[in-house]
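>>> Turn this into a model:
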Amino acid sequence: MADEFNVFIDRLQKKIIKEDIKKHNEIIVKLFHNPKNWGKPSKEEIIISDERRGGPKEYFLGFYLKIEEDIITKANFVTDGCSVMIATASQTTILIEGKSLLFAKNLKPEDIDKALNGLPEDEKHCADFVIETLRDIIEKYKQNQ
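I've put the predicted structure just below:
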């Protein structure tokens, strides 16, 4: 009985992923189902953070950065947003880890869109919200220095 259930679940999951890929693309679906840098680190691991609601859907987004000598050594996020929001925030953390604050500040929504192999037109606001939050957190960090 348990084996039949597991087979059913595996088939269902594959069907869901296949449908998600039709609506989005493989990169977005991969990051949605297995987001990189998801989760709020311990206070000791965070140098600066920002948590807010925004964008047209009023999603929650928390960004948590560890910065050493103007290099982002660790970037994490949490969100209650849709699959595209999760993939967008995850891809942003991947792009900025190990990079300078200047690199991160100059990142544009179009860069995220390109890295994700194209966001759906009606979801491009996710990249706008993530970049706005990233720029604000960098500015907040610089003001505190």
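
>>> Tell me how far residue 35 lies from residue 121.
Distance of residue 35 to residue 121, computed by CB to CB, to the nearest Å: 22 Å. C-betas here are computed from N, CA, C, even on glycine.

>>> between these two, which one's more packed in?
Taking neighbours as other CB atoms under 10 Å, residue 35 and residue 121 compare with residue 35 leading, 20 against 7.

>>> how close does that one sit to residue 88?
10 Å.

>>> and if you look at residue 139?
When distance is defined by CB to CB, residue 139 is 20 Å away from residue 88.

>>> neighbour count winner among the two?
For residue 139 versus residue 88, neighbours defined as other CB under 10 Å are more numerous around residue 88 (32 against 13).

>>> tell me the SS of that one?
Here residue 88 is recorded as helix under DSSP: H, G, I helix; E, B strand; the rest coil.

>>> check which helix or strand covers the nearest residue to it once chain neighbours are set aside.
Leaving aside its sequence neighbours, residue 88 sits nearest to residue 126 (CB to CB, 6 or more residues apart in numbering; 4.3 Å). Using DSSP states H and E, residue 126 sits in helix 125-144.
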